[in-house]
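J.: Quick check, what structure comes out for this input:
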Amino acid sequence: MRRWVARTAGLAGVALAAGLMALVAACGEPGEEAGIGVVRDPEISGDPLPDYTPTAPDSALGLPAPEVRGTDFDGRGVAIVNDGRMKVVLFLAHWCSHCQSEVPEVQAWIDGGGKPDNVDLYGVATAIEEEGSNYPPDAWLERERWTSPVLVDTNDTVLRAFGLTAFPTWVFINADGAVALRIGGAIGAEQLTALFRGLR
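T.: The predicted structure follows:
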């Protein structure tokens, strides 16, 4: 009888442990809500770009852009890779006043049909600071009704791979995956239209 009880208790313990493991797998890491994905550190392949200095000729022009695979704020995959399509990547810091003015203007430009269909536009949320204004950045971008995919740059690794230190900064990538332009600062809808048209 004692052996049967011990064996039954042991089997119950194994079943309980298996059930708990399945529950953790379904719900994600401790403290996360069920159904919400896990934000992963971005994976970067390719050589980092030289540092961008606005006052000097850009030595990154024509170089292959680093390829990045990561997630958005909900844990969904976001990949900025060479797939034969032109890309524009906007690096944003939620606490940056120029970013705060650029985002609604760019979104209005998108809503008005300004973005060409043959160009993909991505945001990169970087330099995230809990003490900064508009934290958390996903809530800020949601308030601005931002519609383009956003890659979360944990630890600023994507920022460094692209050789950047300031915000906002735009990186234009041609269909061959090479850097066509890096430009810092808020550029506005009119200049943005001209730059998109010049992307080849």
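
J.: use CA for all of it now, contacts and neighbours both
T.: Fine.

J.: ok now do residue 152, which residues does it touch?
T.: 39, 41-42, 70-73, 124-126 (C-alpha atoms under 8 Å, 6 or more residues apart in numbering).

J.: I'd say residue 119 and residue 88 touch.
T.: Yes - Residue 119 lies in contact with residue 88 (C-alpha atoms under 8 Å); the separation is 7.2 Å.

J.: Looking at those two, which one has more neighbours?
T.: Shown here are residue 119 and residue 88; by other C-alpha atoms under 10 Å, residue 88 has more neighbours (22 against 19).

J.: Spit out the contact partners of that one.
T.: By C-alpha under 8 Å, 6+ apart, residue 88 lies in contact with 119-122, 170-173.

J.: do that again at 6 Å, thanks
T.: 121, 171-172 (C-alpha atoms under 6 Å, 6 or more residues apart in numbering).

J.: Using JSON lines, please lay out the contacts of residue 152 together with neighbour count.
T.: Listed next are the contacts of residue 152 as JSON lines, based on neighbours: other C-alpha atoms under 10 Å:
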{"residue": "39", "neighbour count": "18"}
{"residue": "41", "neighbour count": "17"}
{"residue": "42", "neighbour count": "22"}
{"residue": "70", "neighbour count": "22"}
{"residue": "71", "neighbour count": "24"}
{"residue": "72", "neighbour count": "22"}
{"residue": "73", "neighbour count": "19"}
{"residue": "124", "neighbour count": "21"}
{"residue": "125", "neighbour count": "24"}
{"residue": "126", "neighbour count": "21"}
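
J.: By mean pLDDT, flag the weakest helix or strand of the protein.
T.: The weakest-scoring helix or strand in the chain, judged by mean pLDDT, DSSP states H and E, is helix 2-27 (a mean of 42).

J.: Perfect, that will be all.
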